[in-house]
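Engineer: Model the following, please.
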Amino acid sequence: MTHYFTISQDQRRGLIFIVLFASILLLAPAESRSTGPEPVTFRPSPATDIVTLVGFTRARSRINLTAQVTGNLLEVRGEVGESIGKDGIFARIDPILTELALATIRVNQDKLKSKIAYLEKEVGRYQTLFDQNSAAGSRLDALKEDLSQARLGLEELLTEEKKSGEILSRHTIGAPPGWRIIKRLVEPEEWVNVGTPLGEVGDYRTLLVPFAVSREEYRQLTGEPDKIALRLPELQLKVPATLARVSPEFDQVTRKINIDLEIGDKLPVHRGGLRAELDLEMPDPSGAQLVPKTAVSSRYDSSWLTTPTGEKVMVIVLGSGNKPGMVRISADNIRSGDRFLTAPPTNMVSDRSP
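Structural biologist: Numbering: from 1, shown residues only. The predicted structure is shown next:
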């Protein structure tokens, strides 16, 4: 007896789909059927060291104040540490003698001006008479000479007035407003002569920090000028700085370049002697490389990195790096462009010895 099985159209479609799906799985390469994630790898980078340079703040500029005239001091303004006022006056020397001399000069000028006015009229009158043949020429010449001498005398007095005015201004010893008094060497009522030191002032609104740097450190600073920053431990601050001055002189003893870094005016304290620290990230002179701590496998006295193919590359661990989670290593057998597993498994055993 023959039995016949009938298959519906939907059942036939299902069988066809199953056959096609199985064929795709059989033909697909083994790699495409893997469901595991790709291993995380890295390339070693050159290790760096943080070099810390130390300097101390100082005034941007300083001025010594000295007496330019002789006399008795009327007043000395401000104490050490205080700022020069808006009028820019530090001290005043009694100007009475110069003022009297200046007053005398001005009186003599008025006399000469009056005499000149009189002589000009006389010269004009005698010139008319001489033209009419009513006066002698010798008298006219004498009047002209007197007028010329009076005018020269007035010019001389005008020069004397300027000189006395300049001397009078030097009785006031000025300093730039806002600068601070560093030294005060005299007191009121003291007698001072020309050249007597009176004090010293400095511009502490902007601070400078001097450093002596090597050529490599100088290249690092000038290569990234926008990233220069100074740490001020006493104020617990880190502030931006700019390269203000570079000495053209080369120090034969230290073989370094002298520079000044400038700090702006946003500090709570403006004074000299603040400790300032400059951190520079310089290449490691030993040629060490930086790798993640998790990438280094160790057993007994041996340490190694693992390639994606499971090969071990022996290394020497030098210590922690200057970045979190990194260590410094030394290995002569690492080639440029080599990649290693960031977190290698423990069952890879192939070896690449130095």
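Engineer: show me where the stretch 1-150 of the chain has strands.
Structural biologist: Secondary structure of the stretch 1-150 of the chain by DSSP state E, counting those that start in this stretch: the strands cover 41-42, 45-46, 48-56, 58-59, 62-66, 71-76, 89-93.
Engineer: in the fifth one, what's buried?
Structural biologist: Using 16 or more other CB atoms under 10 Å as the test for burial, strand 62-66 gives Ile63, Leu65. Yep, even glycine has a C-beta here, placed from its N, CA and C like the rest.
Engineer: Extract the C-alpha set from it and format it as PDB.
Structural biologist: The C-alpha trace of strand 62-66 is given here as PDB (Å, rounded to 0.1, in the frame of the first residue of the first chain):
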ATOM      1  CA  ARG A  62      62.900  99.600  39.900                       C
ATOM      2  CA  ILE A  63      64.000 103.300  40.200                       C
ATOM      3  CA  ASN A  64      66.500 104.900  42.500                       C
ATOM      4  CA  LEU A  65      65.400 108.400  43.600                       C
ATOM      5  CA  THR A  66      68.100 111.000  44.200                       C
END
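Engineer: what's it packed up against?
Structural biologist: With contacts defined as 3 or more CB pairs under 8 Å, 6 or more residues apart in numbering; DSSP states H and E, the packing partners of strand 62-66 are strand 197-202.
Engineer: Show me what the strand or helix carrying Val246 is packed against.
Structural biologist: Secondary structure assigned from DSSP states H and E places Val246 in strand 237-250. On a contact count with 3+ CB pairs under 8 Å, 6+ apart, strand 237-250 meets strand 207-213, strand 229-232, strand 257-263.
Engineer: So for it, what gets flagged as buried?
Structural biologist: By 16+ other CB under 10 Å, the buried positions in strand 237-250 come out as Ala241.
Engineer: Distance from the chain centre to it, please.
Structural biologist: 4 Å (CA atoms, centre = their mean, to the nearest Å).
Engineer: One more: stretch 188-196?
Structural biologist: 39 Å.
Engineer: Scan this structure for its longest helix.
Structural biologist: helix 96-131 (DSSP state H).
Engineer: mean confidence score for that helix?
Structural biologist: For helix 96-131, mean pLDDT rounds to 90.
Engineer: For that helix, list every residue counted as buried.
Structural biologist: Residues 98, 101-102, 105, 108-109, 112, 115-116, 119, 122-123, 126 are the ones in helix 96-131 that count as buried (16+ other CB under 10 Å).
Engineer: Likewise for stretch 304-320?
Structural biologist: Across stretch 304-320, burial judged by 16+ other CB under 10 Å covers Trp304, Leu305, Thr306, Thr307, Glu311, Lys312, Val313, Met314, Val315, Val317.
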